[in-house]
Every structure is written in C-alpha cells, then in structure tokens.
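> sequence and computational prediction follow.
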Amino acid sequence: MLQRDYQTQTCSIARALEIVGERWTLLILRNVFLGWRRFDEQQQQLGIARNVLASRLQRLLDEQILELRPYGERPVRHEYHLTEKGRALWPVLAELLQWGDRYAPEPAGPPRIFRHRECGGLMGAHCICERCGQWLDSEDVISELGPGARARRKGRAQRAARRAAPASA
C-alpha cells in the first residue's frame, strides 16, 4: 500500500484519494456495481494478482465501503456488497465513465451503456435519464454492452479463431 502522500493537504479530494485512489480500487468498485461480487469473479475480470486484490478488498472492508455477506455454507464463502457509503460512490464512477467516453473514447464507441430500468432512456450527464429526466441511482440502471465492447469482443473472437485454426501445410 502506498504511504500517505497528502498529509500536508487540507483538501477533501486528497482525503478521498487516500481511500479510493489506489490503482485497481475504482475498477473493483465498478465490478461490484456491475454485479461481480465474488473474489474469483473480480480476479478473473481484472486479471489482478490475488494478493493485490485481497489487499484492496480488505481496505474497502476496513473503510466500510464494502461488506461481506455469506453465500455458501460448506465451505463458508462470502460475496462483497456495497454499503451505503459505497453506493454513494455511484455518481463519481458514472461521471468518470462518461468523462472517459468523451475524452478517452474507444474508436467503436462506448464499451458500456446505462439505461434507465423504468423507461429505457439512456443515462446522460450527471446521472440524469435523457428520456424522463429522473436522477438515476445505481439501482435504477441496466448496464448493456456498448459498441466499443462488442467491437473488442469481436476482435478477440477473431484472434482466438485464427490461433485455433490449423496451420496450412
């Protein structure tokens, strides 16, 4: 874990970065928002070293951003769920996603699209539904693969097919 770099800063952003600013932390939270709540799912989705993932998850537990809930009995296994404090990070992640779509875009388009569960409208700036104008919390949206994700998956599938094809004699 990084040492505190912001001790001389009297700044709410610096204090927030002490909690969620480490590499991988926001991606772990993104995954929990998307429903990947188990350790192995997180590790597979991120390709992160197990010890690093365990450390980041423990920090999020210690900060009461995540909590453990059992889902299996033999052996006892747990999932990571967002607390109220963790769910409050939704607008931050949504704005960061939209900033990335605008200023660091995938050539084929956004990898993820969020729709209002109730009316089907797209989530626009500041988590506002473009169709009905309602502010959208994480529970109000459905995540769909966007054109950027589909293009990337298609490219991966084509590369895998080429690797699997027998070499010509």
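That came in fine, so what should we check first?

> which stretches of this structure form helices?
12-20, 25-34, 39-46, 50-62, 84-87, 90-103, 147-164 (DSSP state H).

> tell me what the third one is packed against?
Secondary-structure packing of helix 39-46 (3 or more Cβ pairs under 8 Å, 6 or more residues apart in numbering; DSSP states H and E): helix 25-34, helix 50-62. To be clear about C-beta, it is placed using only N, CA and C from the backbone, and glycine gets the same treatment.

> looking at the ones you listed, which one is packed in the most?
Greatest average neighbour count among the helices and strands packed on helix 39-46 goes to helix 25-34 (a mean of 18), per mean count of other Cβ atoms under 10 Å.

> what's the mean pLDDT across it?
With pLDDT averaged residue by residue, helix 25-34 scores 97.

> thinking again about what came up before, how about JSON lines for the helices and strands packed on helix 39-46, with distance to residue 129 added?
Below are the helices and strands packed on helix 39-46 laid out as JSON lines (distance: least, Cβ to Cβ, whole Å):
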{"stretch": "helix 25-34", "distance to residue 129": "17"}
{"stretch": "helix 50-62", "distance to residue 129": "29"}
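
> mind checking those for the one nearest to residue 111?
helix 25-34 (11.2 Å; Cβ to Cβ).

> what sits up against the closest one?
If you take Cβ atoms under 8 Å, 6 or more residues apart in numbering as the criterion, helix 25-34 is touched by 20, 41-42, 45-46, 53, 56-57, 59-60, 65-66, 80-82, 86, 89-90, 93, 96, 138, 143.

> just the buried ones from those?
Taking 16 or more other Cβ atoms under 10 Å as the criterion, what is buried in the contacts of helix 25-34 is 20, 41-42, 46, 53, 56-57, 59-60, 65-66, 80, 82, 86, 89-90, 93, 138.

> of all the helices and strands packed on helix 39-46, which one is nearest residue 14?
Using Cβ to Cβ, those put helix 25-34 closest to residue 14, at 15.2 Å.

> any idea of the angle that closest one forms with helix 50-62?
Between helix 25-34 and helix 50-62, the angle comes out at 70 degrees (axes from the mean of the first three to the mean of the last three Cα atoms, to 10 degrees).

> send me helix 25-34 as CSV with only the CA atoms.
Taking C-alpha atoms only, helix 25-34 is exported to CSV below (Å, rounded to 0.1, in the frame of the first residue of the first chain):
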residue,chain,number,x,y,z
THR,A,25,-9.8,0.3,-6.3
LEU,A,26,-12.2,2.1,-8.6
LEU,A,27,-12.2,-0.8,-11.0
ILE,A,28,-13.0,-3.2,-8.2
LEU,A,29,-15.9,-0.9,-7.2
ARG,A,30,-17.1,-0.8,-10.8
ASN,A,31,-17.2,-4.5,-10.9
VAL,A,32,-19.2,-4.7,-7.7
PHE,A,33,-21.7,-2.2,-9.1
LEU,A,34,-21.9,-4.4,-12.2
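
> sounds good, over and out.
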